[in-house]
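>>> have a look at this fold, sequence not included:
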């Protein structure tokens with residue numbers, strides 16, 4: 001690890017990029033002007049997650065993460081939790097996402113990759129340097145259906161309402177669901193979607209759910225991709241993947257997030 005290059009890399013990271021890579025971490029005002037010394041004002045993690053192989057995660061990943069039970073820990077003895085080594089921030093996908101990331105997120109990722117190439121620094125090395133522990137924010141579902149990452153400066157995860165309905169269904173079924181079984185939960189989807197859509201026509205609402213739940217259509221894939229993209233627009237994929245649907249084609253799909261971190265107001 002080249003300490004000088006790491007320091008130079010850090011000094012070129014904007015607050016926006018730091019928040020994207022290390023959500024929930026507090027950086028002192030002088031942090032980027034001097035050699036990396038934390039100001040001691042780190043936010044305590046809401047949960048600690050160990051990065052381990054998990055067969056149920058998407059096949060396009062070299063490794064994935066499964067939650068550990070939350071446990072008490074001492075701030076000065078906090079154990080570093082490291083992610084799988086990657087030469088770039090985002091792992092390449094086997095299939096392209098249905099929806100592209102928003103332009104600002106693409107700019108952030110492009111700048112990170114440029115700086116990584118310039119200084120030969122991996123995100124894993126940065127995490128070692130910073131003593132960064134993967135910290136997962138509670139996921140708050142507001143009464144209007146808003147999805148908020150409470151500990152990441154209250155960032156809102158924005159997606160279409162029909163995608164939210166599918167996402168809420170999976171949050172309510174931590175055991176996971178196969179796409180072919182979604183049709184068996186149409187009544188639940190109707191209830192979830194009706195509460196957030198703002199539409200008044202029951203026939204149109206039911207039509208939307210019929211299209212979504214059709215196992216022979218493409219709506220499930222499209223909306224799962226929108227859910228994934230929505231979280232990746234807010235935080236780096238190595239953190240976002242705890243929140244979006246995982247699972248290969250034809251396999252059981254689930255949201256890996258510990259449901260103790262899901263706060264329902266809706």
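Structure's in. What do you need? Bear in mind the structure is a predicted one, so any value in this text is a computation, not a measurement. Numbering: from 1, shown residues only.
>>> tell me the helix or strand right after the helix ranked longest in the chain.
Among the segments of the chain that qualify as a helix by DSSP state H, the longest is helix 103-119. Later in the chain than helix 103-119, the nearest helix or strand by DSSP states H and E is helix 123-130.
>>> all the helices of this structure, residue numbers only.
3-11, 15-21, 103-119, 123-130, 161-171, 186-197, 202-213, 219-232, 237-240.
>>> tabulate those helices in a markdown table, adding columns for distance to residue 137, mean neighbour count and mean pLDDT.
(C-beta placed from N, C-alpha, C; glycine too.) Below are the helices of the chain laid out as a markdown table (distance: least, C-beta to C-beta, whole Å; neighbours: other C-beta atoms under 10 Å; pLDDT from 0 to 100):
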| stretch | distance to residue 137 | mean neighbour count | mean pLDDT |
| --- | --- | --- | --- |
| helix 3-11 | 23 | 15 | 86 |
| helix 15-21 | 12 | 17 | 93 |
| helix 103-119 | 18 | 15 | 95 |
| helix 123-130 | 17 | 18 | 83 |
| helix 161-171 | 15 | 22 | 98 |
| helix 186-197 | 21 | 18 | 95 |
| helix 202-213 | 27 | 16 | 95 |
| helix 219-232 | 11 | 21 | 97 |
| helix 237-240 | 9 | 22 | 94 |
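>>> quick check: which of those is nearest to residue 246?
Evaluated with C-beta to C-beta, the helices of the chain place helix 219-232 nearest to residue 246, the distance being 9.0 Å.
>>> the residue nearest to residue 230 when sequence neighbours are not counted: how many residues sit nearby?
Leaving aside its chain neighbours, residue 230 sits nearest to residue 159 (4.0 Å; criterion: C-beta to C-beta, 6 or more residues apart in numbering). With neighbours defined by other C-beta atoms under 10 Å, the count for residue 159 comes to 20.
>>> elements contacting the longest helix of the chain?
helix 3-11, helix 15-21 (3 or more C-beta pairs under 8 Å, 6 or more residues apart in numbering; DSSP states H and E).
>>> would TSV of these with distance to residue 135 be doable?
Putting the helices and strands packed on helix 103-119 into TSV (distance: least, C-beta to C-beta, whole Å) gives the following:
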stretch	distance to residue 135
helix 3-11	19
helix 15-21	12
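>>> closest one to residue 111 among those?
Short answer: helix 15-21, nearest of the helices and strands packed on helix 103-119 by C-beta to C-beta, at 6.5 Å.
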